[in-house]
Structure formats: C-alpha cells, structure tokens
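Student: Just the structure for this:
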Amino acid sequence: MDTAKFKDIVGQFALAGPTTDIVPLGAGLINDTYRVNSLEKGKPDYVLQHINNQIFTDVDMLMNNIVAVTTHIRHKLEAKGMADIDRHVLTYIPLKSDASKYYYRDGEGKYWRMMIYIHDSVTKKEVNPTTSHDVGIAFGDFQAMLADLPVKLGETIPDFHNMEFRLQQLREAVANDAAGRVKDVKDLIEAIMADADEMCRAERLHREGKLPKRICHCDTKVDNLLFDKDDNVLCVIDLDTVMPNFVFSDIGDFLRSAANTSCEDEPDLDKVNFNLAIFEAFISGYLKTASSFLLPIEIEGIPYATELFPYMQAVRFLTDYLNGDTYYKIQYPEHNLVRTRAQYKLYRSVKEHELQMRAFIKGVMAGMSK
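Tutor: Okay, the predicted model is just below:
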C-alpha cells in the first residue's frame, strides 16, 4: 500500500495531533503492524494494525471484546491508583466519525485499528523459570481483573479449545480416511481415543454447572507480554483471542510449549519430556494472582489442564494428517504424523508427573494460607 493510502487510513482515527512517518513494526504472524509517529513533541505515537479477518471473521465482535476488556482493566488500575496507566493497558483509538467504533474498513475491504504505542517496552521469547514465573503472575492477574467483567464477550474463534469438538473432527477424519492413511496409524488412533472421555472432563463439568467459563487470553506465551527496560511486566498484549473459556486454556496452552524439553515436531521421542521446573515456576506465579477468584475445582484441575493441551494438539495434528495435510503447513510428507507422536509423547510424560504436580500445588496453596 502506498503512503497516501496509509495516511488516509490513519486520518480516519481520532488522534491527538498530526503524524509523520509510518514504518513496519515487529514480525507478527497474523496481523500486519506499523508504527505511526506523531509530528508534535509530547503527543503519543501510535500502532496501526491490519486485522486479519480471514481468521477473525467477526471484526465488530472482536473489537467490542477488546475494548470491553481494556476499559475494565483500566478501571481496575485506576482504582488501585496505578501511575502511568497507559503503559499498563493497551489504549485503542476510536474513529473520528464515530467514537463508539474502534476499527476502519478501507475501500479494499481491509480492516484496521490503532492504539497508543508504549515507548521503552520490549517483548521476550526466552522461556526459563524466571520468565515462566512472570507469565504466570501476569496472566493470573489478567484473569483476576476480568473475573467480574459485566459484559458478555463473544467467541472470536468458536470452539478454539473445545476438546469434544476436536475429537469429533478426528472421528470424522478416521471415518472419511481421505488420504488413505488410517490403516498405517491404527495403534496411534486407538491409544489417543482410549483417553477421549477423560480428556473431555471440562465440557462435562461445565454442563453439570460445576465448572465456569472465565475471560481468558487463550494465547498465553512469553512474547504476549510487554516488559520495561528493568524486566518488569507492563501489560498483556495481542488480545484478539480473549474470550470466554475455562481457565485451563491459559494454563495448558502455555505449558504445552514452554514445558516441553524439545520442539513441537521433534522426531526423536527420547528428547520429548515434561519440564517440571517450568511447570512449578509458572504455577507458583499464576496461583499468586489467580487464587483470589479460582474455585477449588479449577485449582484441582490444573494437572488435567497441563495434560489436556498436548493431548488436544496431538488430536489436531493427527486429524490433519488423516485429512491429507489441509490445515497445518508441512515441510515433508510425514510432518504432521511426527508432530502427533511428539505431542502424544509429551502428553504421556505430563501424566507421569501428575502426583508431583498435585503435591506442588498443594504446597503452594498451603503456603499462601499461612
């Protein structure tokens, strides 16, 4: 897109003053992002972001979710007397023409949003006990602040972490056998399906009225936090996936990748194991901030959440493999099968640590009650 078109898009938003240059920012996988600099000293700089409406098909719902969440967090921070609030919660900019609307659809059918740029902030990628502890504290606090959100949010990606839905997709893939691969992986299918009922525990408990849905981020990782130059967490970012879900989503999603001793598609299964130290660092941080609102059944379900997500990802990879590799990008013909075996091995490794996880959680909760 040329400069004139960018400036026209920027001009649709209610900014504090005129702007100068527009430059690419970061390397996001979903949305294209740009920094927009203000002309006048003392005025904020901004972030311009193209919203990928191929993934997030209901942009109006998406932005209503995000604005409801950031507004509620801002009120919580104000009540605490937080200084420099604009560094601790994302600030989205409405349109000039409609102060209730926070996105613009251009003539090409593309959707755009703007927010205030947070100076002197960085993201991190390294996963270690220190950063995992920070992630646990930050996302536990994020959930805690939103536990009393009065607005009902929509699902920006329906059934994103619905285990029953993912297993139904697998059953359909087995029945259709589109790529003729079922005969070669029958043992793996049977092993995965043997635990299907157990892994659908959350959906059953919810139907029974025992397990609530909370407002969750649903994409918990180190690089979805902003840090200041002193390594203090500023705020949670990338809010597109924020929606109602079980707290298990924000726990299991982080630990599936962070507590894996190897990569997601490791062919040598001896290298794939569960890193208990990362689990302990994350959970000790998470419970420090989230225990204020969690029910006993949610705390009790933390080991289940940790098992659930590698299991769910194994189901998703196997489904795609049986369908002929139509969803995930692959680098070689057996890539999705290798991914499936690696995630299933991680799932089995997590289960082997269940007693240790339960003992650790019990110790953390006992320490907090003193």
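
Student: Show me the helices in this protein, by range?
Tutor: Residue ranges of the helices in the chain, as given by DSSP state H, are 3-10, 59-80, 129-145, 163-176, 186-194, 196-199, 201-207, 248-258, 276-290, 296-300, 302-323, 335-352, 354-368.

Student: For the residue found closest to Lys351 once you drop the neighbours it is linked to in the chain, the count of nearby residues, please.
Tutor: Nearest in space to Lys351, with sequence neighbours left out and distances taken as C-beta to C-beta, 6 or more residues apart in numbering, is Glu307 at 5.6 Å. (Glycine included, C-beta is placed from N, CA and C.) The local packing of Glu307 (other C-beta atoms under 10 Å) involves 27 other residues.

Student: Output the helices of the chain as JSON lines; include the columns distance to Ile157 and mean pLDDT.
Tutor: Shown next, in JSON lines, are these (distance: least, C-beta to C-beta, whole Å; pLDDT from 0 to 100):
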{"stretch": "helix 3-10", "distance to Ile157": "25", "mean pLDDT": "88"}
{"stretch": "helix 59-80", "distance to Ile157": "10", "mean pLDDT": "97"}
{"stretch": "helix 129-145", "distance to Ile157": "18", "mean pLDDT": "96"}
{"stretch": "helix 163-176", "distance to Ile157": "11", "mean pLDDT": "98"}
{"stretch": "helix 186-194", "distance to Ile157": "23", "mean pLDDT": "98"}
{"stretch": "helix 196-199", "distance to Ile157": "20", "mean pLDDT": "98"}
{"stretch": "helix 201-207", "distance to Ile157": "17", "mean pLDDT": "98"}
{"stretch": "helix 248-258", "distance to Ile157": "11", "mean pLDDT": "96"}
{"stretch": "helix 276-290", "distance to Ile157": "23", "mean pLDDT": "98"}
{"stretch": "helix 296-300", "distance to Ile157": "22", "mean pLDDT": "98"}
{"stretch": "helix 302-323", "distance to Ile157": "13", "mean pLDDT": "98"}
{"stretch": "helix 335-352", "distance to Ile157": "20", "mean pLDDT": "98"}
{"stretch": "helix 354-368", "distance to Ile157": "28", "mean pLDDT": "97"}
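
Student: Indicate which one of those helices is closest to Val47.
Tutor: helix 3-10 (11.0 Å; C-beta to C-beta).

Student: So for the residue nearest in space to the middle of the chain, what's the nearest residue that isn't a sequence neighbour?
Tutor: Nearest to the mean C-alpha position of the chain, counting by C-alpha atoms, centre = their mean, stands Asp219 at 0.7 Å. Once flanking residues are discounted, Asp219 sits nearest to Thr241: 4.6 Å by C-beta to C-beta, 6+ apart.

Student: can I assume the one you found is in contact with His217?
Tutor: Yes - Thr241 is in contact with His217 according to C-beta atoms under 8 Å; the separation is 6.5 Å.

Student: and the residue lying closest to Gly324 once chain neighbours are set aside, how far is that from Leu337?
Tutor: On the basis of C-beta to C-beta, 6+ apart, the spatially nearest residue to Gly324 that is not a chain neighbour turns out to be Ala179, at 3.8 Å. Ala179 sits 11 Å away from Leu337, taking C-beta to C-beta, to the nearest Å as the criterion.

Student: pLDDT score assigned to Leu15?
Tutor: Predicted confidence (pLDDT) for Leu15: 94.

Student: who touches it in this structure?
Tutor: Taking C-beta atoms under 8 Å, 6 or more residues apart in numbering as the definition of contact, the neighbours of Leu15 are Ser38, Tyr46, Ile93, Met114.

Student: Likewise for Ile297?
Tutor: When the contact criterion is C-beta under 8 Å, 6+ apart, the partners of Ile297 are Leu205, Lys210, Leu211.

Student: Just the buried ones out of the residues you listed, please.
Tutor: When those are checked for burial by 16 or more other C-beta atoms under 10 Å, the buried set is Leu205, Leu211.

Student: from the contacts of Ile297, which is closest to Lys110?
Tutor: Within the contacts of Ile297, proximity to Lys110 (C-beta to C-beta) peaks at Leu211, which comes in at 38.9 Å.

Student: what residues does stretch 332-340 touch?
Tutor: For stretch 332-340, the external contacting residues (C-beta under 8 Å, 6+ apart) are 185, 188, 264-267, 313-314, 317-318, 320-321, 325, 328, 330.

Student: what about 7 Å?
Tutor: Stretch 332-340 is contacted from outside by 185, 188, 264-265, 267, 314, 317-318, 320-321, 325, 328, 330, using C-beta atoms under 7 Å, 6 or more residues apart in numbering.

Student: still on that earlier bit, so the residue nearest to Asp219 is in contact with Ile215, correct?
Tutor: No - with contacts counted by C-beta atoms under 7 Å, Thr241 stays clear of Ile215, the gap being 11.2 Å.

Student: who has more neighbours, Ala179 and Leu337?
Tutor: When Ala179 and Leu337 are compared on other C-beta under 10 Å, the one with more neighbours turns out to be Leu337, at 22 against 14.

Student: and the more buried one, how far is that from Val174?
Tutor: 14 Å.

Student: re earlier: looking at the helices of the chain, which is nearest to Gly154?
Tutor: Evaluated with C-beta to C-beta, the helices of the chain place helix 59-80 nearest to Gly154, the distance being 4.2 Å.

Student: Val47 and Gly301, how far apart?
Tutor: Val47 sits 36 Å away from Gly301, going by C-beta to C-beta.
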